[in-house]
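Student: With the sequence up front, the predicted model follows.
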Amino acid sequence: MKTEGGTDEAKRRAGERAARAVEDGTVVGLGTGSTTACAIDALGRAVADGLEIRAVPTSFQSRRLALEADIPVTELDAVDRIDLAIDGADQVVDQPAASAHGALIKGGGAAHTREKLIDATAERFVVVVDPSKLTDELDRSVPLEVLPDAHSVVGDRVRELSGEPTLRDATGKDGPVVTDNGNLVLDCAFGAISEPGDLASRLSRIPGVVEHGLFVGLADATYVGTDDGLEVRE
Ligand code: 5RP
């Protein structure tokens, strides 16, 4: 079965492989999305078999999945470290020779602010994806979480950077997506992003932007699940 470009099997292989790396005593950051959900499922089974971990979720969704799987959940300010974060991505640069290798676009689930906090805090951050997420150059829209009354002024600043902002609508509802933090999301199309680090710095400097979905230089490894195997990019 295919979901948003990748198969369930590929996502399962990536998520399960990441979960297998979790050892007793680990504090795990749990990302958001369908691929991470496979890792959470696998961790739940391991916990039922005796694995002792604590998990710091990145969203309401991942917190709920963890609780359903009987994984002990804690808060960022209740731990002294996060050993490993497991998280998905919407796009990953897969060009070992390029400086942007491993750069990500995240935020398809509108959870990228907390995801960046947890992923960047972790000692090791592993990205779990299927091959449909790999690209030579980032070119998807970059999600910006914005303060609600800032969305139009932030939109103007994005246009000054040659981007085209679209306020994300909630599917099936008459209104915008509201994040776990009570903010809105602007999906900003920039075309091909040749210098993600530079764009990331510019977006971070816009007042009213809570966080953007460019993750540059954060990932330690990418686990790419396929229908019949798994590839690891370090
Ligand atoms: C949520 C995210 C997700 O990790 C990203 O959208 C990938 O999700 P999926 O594994 O369902 O394709 O960034 O904010």
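Tutor: Received, thanks. Numbers count the residues shown, from 1 in each chain.
Student: which sections of this structure are below the confidence cut-off?
Tutor: 1-5 (pLDDT under 70).
Student: for this protein, which helix is longest?
Tutor: helix 34-48 (DSSP state H).
Student: quick one: contacts of it?
Tutor: Contact with helix 34-48 is made by 3-4, 6, 11-12, 14-16, 18-20, 22, 28, 30-31, 51, 53, 55, 62, 65-66, 68-72, 86-88, 128-130, 225, as judged by C-beta atoms under 8 Å, 6 or more residues apart in numbering. Yep, even glycine has a C-beta here, placed from its N, CA and C like the rest.
Student: Heading C-terminal from that helix, find the next helix or strand.
Tutor: Note on helix 34-48: by DSSP states H and E, the next helix or strand toward the C-terminus is strand 54-57.
Student: Check the offset of that following strand from the chain's centre.
Tutor: Relative to the mean C-alpha coordinate of its chain, strand 54-57 is positioned 15 Å out (C-alpha atoms, centre = their mean, to the nearest Å).
Student: Give the other helices and strands that it contacts.
Tutor: When contacts are defined as 3 or more C-beta pairs under 8 Å, 6 or more residues apart in numbering; DSSP states H and E, strand 54-57 packs onto strand 27-30, helix 60-68.
Student: From the chain's centroid, how far away is the first one?
Tutor: What separates the centre of strand 27-30 from the centre of its chain is 13 Å, taken as C-alpha atoms, centre = their mean.
Student: quick one: strands adjacent to that strand?
Tutor: Strand pairing for strand 27-30, using DSSP bridges, gives strand 54-57 (parallel), strand 84-87 (parallel).
Student: show me what contacts Ala55?
Tutor: Shown here is Ala55, whose contacts under the criterion C-beta under 8 Å, 6+ apart are 27-30, 43, 66, 71-74.
Student: no no, Gly108
Tutor: Contacts of Gly108 (C-beta under 8 Å, 6+ apart): 33, 90, 143.
Student: go again using 7 Å as the cut-off
Tutor: 33, 90 (C-beta atoms under 7 Å, 6 or more residues apart in numbering).
Student: ok, so what distance separates it from the ligand?
Tutor: To the ligand, Gly108 is 3 Å away according to C-beta to the nearest ligand atom, to the nearest Å.
Student: now do Arg12
Tutor: Arg12 sits 11 Å away from the ligand, going by C-beta to the nearest ligand atom.
Student: tally of neighbours for that residue?
Tutor: By the measure other C-beta atoms under 10 Å, the count of residues near Arg12 is 20.
Student: Between helix 60-68 and the longest helix of the chain, find me the angle.
Tutor: With axes from the mean of the first three to the mean of the last three C-alpha atoms, to 10 degrees applied, the angle from helix 34-48 to helix 60-68 works out at 20 degrees.
Student: Buried residues, helix 34-48. List them.
Tutor: Within helix 34-48, the residues that count as buried by 16 or more other C-beta atoms under 10 Å are 34-44, 46-47.
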